[in-house]
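Colleague: just need the structure, nothing else, for what follows:
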Amino acid sequence: MCPICHTQLNQTVLVPDLPAYKCSNCEGIWISANEYFAWQQNETRSAWQSVDFTMSFEIPFPVSDNDRAILCPDCGRLLRRYRIWPNIQFNLDRCSHCNGIWFDRNEWQTLQAQNLHTTINMFFTETWQKQLRGEEIYSRFDKMYLALFGQDDYQKIKEVRLWLNLHPNGSRLLAFLTDRDPYKG
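Modeller: I've put the predicted structure just below:
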């Protein structure tokens, strides 16, 4: 049963050897964990540790992300929502009990277009979620400093900061810079 519109899910094949269940009404897709893992074992995939958060994540299809709690079509438990990329409102819903994954309309296609469909499990790890939060915090501070200092001054202060961090006397140089009058005794 579709967790969004409560209609019957129809069996389909997303890519060769990956069976799934699709709702003909909302176009959501359910993939059981066992079927995904079996398919994933035969796929060539990149190591998720090498995924670059700074790469442009394009959403080539309109994604209809639901905003309410939904139940697992297999075991009836609540699905947990996971963010998948920093600063983009794009979530996947996963069952913490049976590990099945719900894709709202066009979410699978979007991940496939980004070539991330073979490493979906990475989104559900604590390591990934922690990295994602760190990237989002960095991005917020970056925007704040850019607005505060302006483009030219912000670029210059980042260069000075890097130079200070790499310099063997960086702490002393910083103390010199921050002292109102370093020549007073």
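Colleague: can you count the residues close to Ser56?
Modeller: Close neighbours of Ser56, defined as other C-beta atoms under 10 Å, add up to 6. In this view, the C-beta of every residue, glycine as well, is placed from N, C-alpha and C.
Colleague: my read is it is in a helix, agree?
Modeller: No: counting by DSSP: H, G, I helix; E, B strand; the rest coil, Ser56 is not found in a helix; it is coil.
Colleague: could you measure from it over to Leu116?
Modeller: According to C-beta to C-beta, to the nearest Å, Ser56 and Leu116 sit 13 Å apart.
Colleague: same thing with Arg140?
Modeller: For Arg140 relative to Leu116 (C-beta to C-beta), the value is 24 Å.
Colleague: with neighbour numbers in mind, choose between the two.
Modeller: The residue with more neighbours, out of Arg140 and Leu116, is Leu116; 19 against 11, by other C-beta under 10 Å.
Colleague: phi, psi of Asp93?
Modeller: Main-chain dihedrals, Asp93, degrees, to the nearest 10: phi -110, psi 130.
Colleague: touching, it and Arg83? I think so.
Modeller: No: between Asp93 and Arg83 there is no contact, the gap being 11.4 Å when judged by C-beta atoms under 8 Å.
Colleague: the more surrounded of these two?
Modeller: Ranked by neighbour count (other C-beta under 10 Å), Asp93 and Arg83 place Asp93 first, with 25 against 17.
Colleague: domain parsing for this structure?
Modeller: Listed by automatic domain parsing, the domain ranges of the chain are 9-126, 131-178.
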